[in-house]
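# Build me a model:
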Amino acid sequence: MAGSIRCDDTEGRGAIVVQPPLGTVACSGEEGADLDGFDVSYVNGAAPGPCVPVVPIQGFVRAEAGALRLANRPYFALGANVYFLQQMFAHGEAGSVSSSQQAVQALDGVQCLGLSVIRTVGFNNGGDAASIHPQPGVFREQGLLGLDRVVAEAKARGLRVVLTLTNNHPDFGGLPSFAAWEDLHKDDFFRDPRMQQHWKDYASLLATRINTKTGVAYRDEPAILAWEIGNEFRCRSCSDAQNISSTVRELARHLRGLGVQQLISDGGEGFDDDPGRWPGLSNRYPVAGAEGASFDALLHVEEIDLYSYHFYPEAWGLNAGRDSDVWIERHEVLARAKNKVAFLGEFGHLGLGAAQAEGMMPNADRRRAEFYERWLSRWDDIGGALAMVWQVVPPQRAVTGNDGYGVVLDRDSITLAVLRHWAERALLKQAQP
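Residues are numbered from 1 along each chain as shown. Take a look at the predicted model:
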């Protein structure tokens with residue numbers, strides 16, 4: 001979106017100019033939750049434990065009448081994005097002990113926090129030795145073995161998995177790889193059947209694959225909570241949002257036709273194309289249709305079970321306080337009005353925001369924790385079923401592989417305490433009769 005946007009301040013503290021979607025300063029009005037008196041059970045340098053007992057995974061999570069259910073009971077979960085697992089385990093399959101150790105440490109940390117779901121890359125079109133699908137029609141066993149281990153290691157810890165099948169962005173290849181194979185633009189994925197066929201070829205291979213570590217076909221694996229069509233689909237060159245929604249419908253039908261028993265999600269950011277549906281939002285950018293995506297249009301795709309939305313206020317020119325209430329509540333309410341289930345698939349804050357712009361350097365861990373406490377409290381109040389923090393990383397990836405949003409195990413004690421609190425809250429809700 002070209003041009004800067006002025007974020008008007010209704011409380012007299014002055015306005016901040018940002019440059020969506022790449023701005024690094026959020027609008028004013030960033031009130032996080034008050035953590036005074038909050039039970040921070042970790043100290044810096046301490047492990048986030050003790051680990052919760054492993055509950056064996058049985059049965060598939062279902063979406064029914066606007067809610068998630070497991071074994072005829074309501075299902076609630078807080079989870080974490082741990083995107084790099086397939087790549088690390090694939091390098092481990094080739095003999096890299098340190099790569100496997102990083103992945104294992106991340107999974108152990110997620111389990112010890114009491115989180116019950118991970119969301120991770122389920123594809124790899126990249127050019128390194130960990131790739132799965134480096135060329136049209138070529139699938140590498142080493143890369144697939146890495147993904148096999150992701151599912152097996154998560155299952156052994158009682159963690160369910162959301163597998164994303166491609167990416168709007170170039171990380172791990174994604175749509176830009178498909179475009180390069182056909183000498184097209186990545187936006188052509190939403191118009192060109194040849195590009196879509198690359199996605200279908202891989203989905204067909206993976207859904208029917210027998211996991212070498214578990215002996216269970218991917219389409220029959222209850223540890224897989226959901227398949228995501230793709231991460232954060234955008235199409236600026238599309239004439240309207242129907243290009244994305246119709247593509248998602250076609251690919252979801254293909255996936256279901258392969259016999260997958262799990263939930264299917266779109267994987268989007270929750271962008272929309274009508275600001276009128278979002279009263280009170282301080283910035284029109286994410287709901288004015290500039291990115292060719294529409295949460296409302298996707299809600300009409302019956303083949304989808306989980307309707308995804310993300311939240312990065314700093315990147316989108318939103319404030320992390322008041323706008324978070326609108327963003328979370330409206331997605332949950334709009335989905336539920338159609339008996340659908342909304343899914344907060346990613347949320348992240350750098351912990352700096354306006355204070356950084358004003359020359360102050362706050363405690364980033366505490367600042368981030370204040371916002372996560374506010375967001376998760378709102379998500380819980382509105383009856384959200386599933387949310388996933390972006391991202392949890394082991395100490396070895398505190399710099400390399402961390403985009404600034406990473407919550408670092410053994411370091412970010414206050415944020416870790418907030419996540420553990422809401423993970424426990426989700427499990428308690430699930431246990432209620």
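# Kindly provide the whole-number mean pLDDT of stretch 324-340.
Across stretch 324-340, the average pLDDT comes to 97.
# again with stretch 271-287
For stretch 271-287, the per-residue pLDDT averages 97.
# Next, the contact list for Glu93, please.
Glu93 sits next to Gln142, Leu145, Gly146, Arg149 when contact means Cβ atoms under 8 Å, 6 or more residues apart in numbering. From N, CA and C alone the C-beta is placed, and that goes for glycine too.
# partners of Glu64 in the sheet?
Beta-bridge partners recorded for Glu64 (DSSP bridges): Ala67.
# Out of the contacts of Glu93, which is nearest to Pro74?
Of all those, Arg149 has the smallest distance to Pro74: 31.3 Å, by Cβ to Cβ.
# what about the helices in the stretch 201-350 of the chain?
242-257, 295-298, 313-316, 322-337 (DSSP state H, counting those that start in this stretch).
# Format the contacts of Glu93 as CSV; extra columns: neighbour count and distance to Gln111.
Written out in CSV, the entries for the contacts of Glu93 read as follows (neighbours: other Cβ atoms under 10 Å; distance: Cβ to Cβ, whole Å):
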residue, neighbour count, distance to Gln111
Gln142, 15, 26
Leu145, 20, 22
Gly146, 28, 20
Arg149, 24, 16
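# ok, those vs Ala130, which is closest?
Gly146 (6.0 Å).
# remind me which residues of the stretch 301-433 of the chain are low pLDDT?
Filtered on pLDDT under 70, the stretch 301-433 of the chain yields the residue ranges 352-362.
# Equivalent analysis for the stretch 1-150 of the chain, please.
In the stretch 1-150 of the chain (pLDDT under 70), the answer is 1-31, 33-50.
# circling back: so of the contacts of Glu93, which ones are in helices?
With helices taken from DSSP state H, the overlap with these comprises Gln142, Leu145, Gly146, Arg149.
# Kindly reformat the contacts of Glu93 as CSV containing distance to Arg157.
Listed next are these as CSV, based on distance: Cβ to Cβ, whole Å:
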residue, distance to Arg157
Gln142, 23
Leu145, 19
Gly146, 17
Arg149, 12
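# wait, which of these is closest to Val326?
Of those, the one sitting nearest to Val326 (Cβ to Cβ) turns out to be Gly146, at 39.7 Å.
# quick one: contacts for the closest one?
Leu85, Gln86, Gln87, Met88, Phe89, Ala90, His91, Gly92, Glu93, Ala130, Ile132.
# What is the most widely separated pair among those residues?
Farthest pair in the contacts of Gly146, by Cβ to Cβ: Gly92 and Ile132, 14.8 Å.
# Specify which residue of those two has the higher count of neighbours.
Comparing Gly92 with Ile132 by other Cβ atoms under 10 Å, the one with more neighbours is Ile132, at 28 against 21.
# does that one count as helix, strand or coil?
coil (DSSP: H, G, I helix; E, B strand; the rest coil).
# what's the burial count for the residue lying closest to it once chain neighbours are set aside?
Among residues not flanking Ile132 along the chain, Gly143 sits closest, at 3.5 Å (Cβ to Cβ, 6 or more residues apart in numbering). As a burial measure, Gly143 scores 26 neighbours (other Cβ under 10 Å).
# show me what contacts Gly143?
Gln86, Ala90, Asn124, Ala130, Ser131, Ile132, His133.
# Ala154 now?
With Cβ under 8 Å, 6+ apart, Ala154 has these contacts: Leu107, Ile118, Arg160, Val161, Ala223.
# Quick one, which of those residues are buried?
The neighbour-count test (16 or more other Cβ atoms under 10 Å) marks Leu107, Ile118, Arg160, Val161, Ala223 as buried among the contacts of Ala154.
# among these, which are in strands?
Members of those lying in strands (criterion: DSSP state E): Ile118, Arg160, Val161.
# Was I right to think Met405 contacts Ala364?
Quick fix: residue 405 is Tyr, not Met. No. Using Cβ atoms under 8 Å, Tyr405 makes no contact with Ala364, being 10.7 Å away.
# Which neighbours do these two have in common?
Leu350.
# what number of residues lie near Val418?
The number of residues near Val418, taken as other Cβ under 10 Å, comes to 28.
# And for the one 3 residues further on?
A count of neighbours around His421, defined by other Cβ under 10 Å, yields 20.
# name the helices or strands packed onto the helix or strand it falls within?
For His421, the host element (DSSP states H and E) is helix 413-431. Contacts defined by 3 or more Cβ pairs under 8 Å, 6 or more residues apart in numbering; DSSP states H and E place helix 413-431 against strand 73-74, strand 77-81, helix 364-381, strand 407-408.
# rewinding a little: which one among the contacts of Gly146 gets closest to Ala77?
For the contacts of Gly146, the nearest to Ala77 is Leu85 (18.0 Å; Cβ to Cβ).
# quick one: contacts for the closest one?
Ala103, Ala106, Leu107, Ile118, Thr120, Val121, Gly146, Val150, Glu153.
# Identify the residues contacting the fourth one.
I take that to be Ile118. Gly79, Ala80, Asn81, Val82, Leu85, Leu107, Val110, Ala154, Leu159, Arg160, Val161, Val162.
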